[in-house]
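> Let's see this in three dimensions:
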Amino acid sequence: MPKITIRLIGFLKKYSTIQRINLDIPEGTSAGEVHVFLRIPNSEIFQYIVNQEVVSADYLLRNNDVLDIVPPFAGG
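Purely as a prediction, here's the structure:
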């Protein structure tokens, strides 16, 4: 079972009281499926970054990956 680290960015931090979430995930879990474990609505997610590289939601996570989950944001 792969172990990953999750970092929630911006307002997504409201879904956890810790900055780095260590999580055991089932083999074959994609970046886009992790939000279900954390009870984060998919509509609040803009982008996934794994090991400092932008990935698609269907990227399959591997042992020791660091996943940053980024919310939508607005500039002005």
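> Identify the residues contacting the one helix or strand Ile69 maps to?
In this structure, Ile69 sits in strand 66-70 according to DSSP states H and E. Outside strand 66-70, the residues that touch it by CB atoms under 8 Å, 6 or more residues apart in numbering are 4-10, 12, 31, 34-35, 40, 45-52, 61. The way it works is simple: take the backbone N, C-alpha and C, and place the C-beta from them, glycine included.
> For the residues you listed, which PyMOL command selects only the ones that are buried?
Per 16 or more other CB atoms under 10 Å, the buried members of the contacts of strand 66-70 correspond to this PyMOL selection:
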select buried, resi 4+6+7+8+12+31+34+35+40+45+47+48+49+50+61
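> Okay, and which of the contacts of strand 66-70 map to helices?
Under the assignment DSSP state H, the contacts of strand 66-70 contribute 34-35 to helices.
> what ranges do the strands span in this protein?
Along the chain, counting by DSSP state E, strands occupy 3-8, 20-24, 47-50, 53-55, 66-70.
> So which bits of the strand holding Ile69 are buried?
67-70.
> I'd like a version of the residues you listed in a markdown table, one that adds distance to Gln19 and pLDDT as further columns.
Output for those, formatted as a markdown table (distance: CB to CB, whole Å; pLDDT from 0 to 100):
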| residue | distance to Gln19 | pLDDT |
| --- | --- | --- |
| Leu67 | 13 | 98 |
| Asp68 | 11 | 97 |
| Ile69 | 13 | 97 |
| Val70 | 15 | 96 |
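> And for Pro72, nearest residue in space, chain neighbours not counted?
Nearest residue to Pro72, sequence neighbours excluded (CB to CB, 6 or more residues apart in numbering): Phe46, at 4.2 Å.
> so how far is Pro26 from the one you found?
25 Å (CB to CB, to the nearest Å).
> ditto for Ala57
16 Å.
> Name the residue in those two with the higher neighbour count.
Shown here are Ala57 and Pro26; by other CB atoms under 10 Å, Ala57 has more neighbours (14 against 10).
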